[in-house]
Each structure stands twice: as structure tokens, then as C-alpha cells.
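A.B. asks: sequence below, structure please.
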Amino acid sequence: MAVRRQKVIDLVNSLFDIERKVVDLFLDSIPGEAKEHAKSARKEQLMALRSLLDTSIKKLEEAEKKGKKGPKKVEVE
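C.D. replies: Predicted coordinates for the structure are as follows:
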């Protein structure tokens with residue numbers, strides 16, 4: 001599970017790096033309405049990333065719950 005978690009972290013970092021580079025390169029040179037569309041697209045990308053993270057967190061939490069076992073009943077003779 002630690003390997004998968006690290007892959008998700010690496011993916012998130014890569015996505016943020018790409019997003020920052022695209023914004024730095026293009027957003028200042030985009031005119032008017034196109035700039036607003038670019039900002040909206042950026043927001044949508046971040047929301048998609050949030051959804052991915054929420055799903056990953058939920059899966060980790062469910063796995064933790066399954067891993068925890070309650071008290072066992074022990075038969076005493």
C-alpha cells in the first residue's frame with residue numbers, strides 16, 4: 001500500500017508542476033474571454049485532482065477499518 005500511496009503523491013506533484021508551468025507560460029499572454037476559460041479549465045483540473053485525492057483517501061480509510069479487528073471472543077473451559 002505504501003508504494004501505491006507514493007505513486008499517488010508523485011502523480012499529484014507532477015500534475016501541480018505541469019499546471020504551474022502552463023500557467024506561467026500562457027496565462028499572461030491570453031486575451032480577455034480566453035483567459036477566463038483558461039482559469040475555469042484550471043479550476044476544473046484542480047477539482048478533478050481533488051476528486052482523485054478524495055477517492056484515494058476514502059480507499060485508504062476503508063482499508064484501515066478492515067485491518068482493525070475488534071475484540072475476539074475466547075472460549076473458556
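A.B. asks: residues contacting the most centrally placed residue in the chain?
C.D. replies: For the chain, Leu53 is the residue whose C-alpha lies nearest the centre (Cα atoms, centre = their mean; 2.7 Å). Taking Cβ atoms under 8 Å, 6 or more residues apart in numbering as the criterion, Leu53 is in contact with 8, 12. (Glycine included, C-beta is placed from N, CA and C.)
A.B. asks: ok, Arg42 next?
C.D. replies: Residues in contact with Arg42 (Cβ under 8 Å, 6+ apart) are 19, 23.
A.B. asks: kindly list the longest helix within this protein.
C.D. replies: Looking only at the chain and at elements set by DSSP state H, the helix with the highest residue count is helix 32-67.
A.B. asks: show me where pLDDT drops low in this protein?
C.D. replies: Under the criterion of pLDDT under 70, the regions of the chain flagged as low confidence span 1, 69-71.
A.B. asks: again, only this time at 80
C.D. replies: Per-residue confidence for the chain (pLDDT under 80) gives these ranges: 1-2, 4-5, 8-9, 12-13, 15-31, 35, 38-39, 42, 67-74, 77.
A.B. asks: quick one, what contacts the most far-flung residue of it relative to its centre?
C.D. replies: Residue distances from the centre of the chain (Cα atoms, centre = their mean) peak at Glu77, which lies 52.2 Å from the mean C-alpha position. For Glu77, no contacting residues are found, by Cβ under 8 Å, 6+ apart.
A.B. asks: may I see the buried residues of the longest helix of the chain?
C.D. replies: Ser56 (16 or more other Cβ atoms under 10 Å).
A.B. asks: so how far is it from its chain's centroid?
C.D. replies: Relative to the mean C-alpha coordinate of its chain, helix 32-67 is positioned 5 Å out (Cα atoms, centre = their mean, to the nearest Å).
A.B. asks: same question for stretch 7-22.
C.D. replies: Between the mean C-alpha position of stretch 7-22 and that of its chain there is a distance of 10 Å (Cα atoms, centre = their mean).
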